[in-house]
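Novice: Provide a 3D model corresponding to the input given below.
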Amino acid sequence: MHNYRLFAIKDLGDLSYFLGLEVLYTDIGLFLTQAKYATGILLRAKLYDSKPVSTPLAPHESFTVHGTPFSDPTLYRSLVGALQYLTITRPDLSYAVNQLSQFLQNPTIDHFRAVKRLLRYIKRTLSFGLTYSHPHKPCVIGYSDADWARCLDTCRSTYGYSIFLGGNLVS
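Specialist: Numbers count the residues shown, from 1 in each chain. Coordinates of the predicted model:
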């Protein structure tokens with residue numbers, strides 16, 4: 001004997017906004033963006049009116065644990081954490097956010113300066129996101145890259161990868 005309970009549900013229509021993700025329906029599929037969420041980060045950091053830049057990091061930027069400690073590590077951690085969530089629809093931010101995440105314990109002024117630069121890049125690219133189209137054939141393709149001994153403090157390597165399903169980035 002089963003004891004089932006009935007729940008009333010309501011169809012709210014097509015998904016448009018969920019947990020900071022904006023979903024736009026196009027002729028070819030879906031476009032996911034976090035423009036509203038990114039704007040909130042810029043406002044919280046007081047950088048909404050800042051001058052935009054064209055790259056997430058300065059050319060040839062390398063980070064090290066050495067330097068003058070940043071006066072508000074909690075702010076640094078909060079902003080980098082928010083940026084980690086933004087990488088869901090912004091894979092162009094992943095490398096920079098990963099680099100900055102390695103210094104959450106003891107950020108320096110140089111690390112915070114890089115966070116501000118990354119936010120200025122986001123200001124320029126607020127409308128960026130991911131397009132998911134209907135795949136013509138469901139093939140899986142992966143790419144990877146490595147930078148041997150990139151970390152200046154430990155001489156460890158860094159790497160990145162992308163996995164596509166039917167031409168759509170999934171990881």
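Novice: remind me, longest helix of the chain?
Specialist: helix 109-124 (DSSP state H).
Novice: what residues does it touch?
Specialist: By Cβ atoms under 8 Å, 6 or more residues apart in numbering, the residues outside helix 109-124 that reach it are 38, 41-42, 45, 47-48, 50-58, 61, 63, 67-70, 75-76, 79-80, 83, 86, 90, 93, 96-97, 99-100, 103. (C-beta placed from N, C-alpha, C; glycine too.)
Novice: Enumerate the positions of whichever helix or strand comes after it that are buried.
Specialist: Counting by DSSP states H and E, the element after helix 109-124 in chain order, helix or strand, is strand 129-133. Neighbour-count burial for strand 129-133 flags 129-130, 132 (criterion: 16 or more other Cβ atoms under 10 Å).
Novice: Export those residues to JSON lines and append columns for distance to Tyr159 and pLDDT.
Specialist: Formatted as JSON lines, these follow (distance: Cβ to Cβ, whole Å; pLDDT from 0 to 100):
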{"residue": "Gly129", "distance to Tyr159": "25", "pLDDT": "96"}
{"residue": "Leu130", "distance to Tyr159": "21", "pLDDT": "94"}
{"residue": "Tyr132", "distance to Tyr159": "25", "pLDDT": "92"}
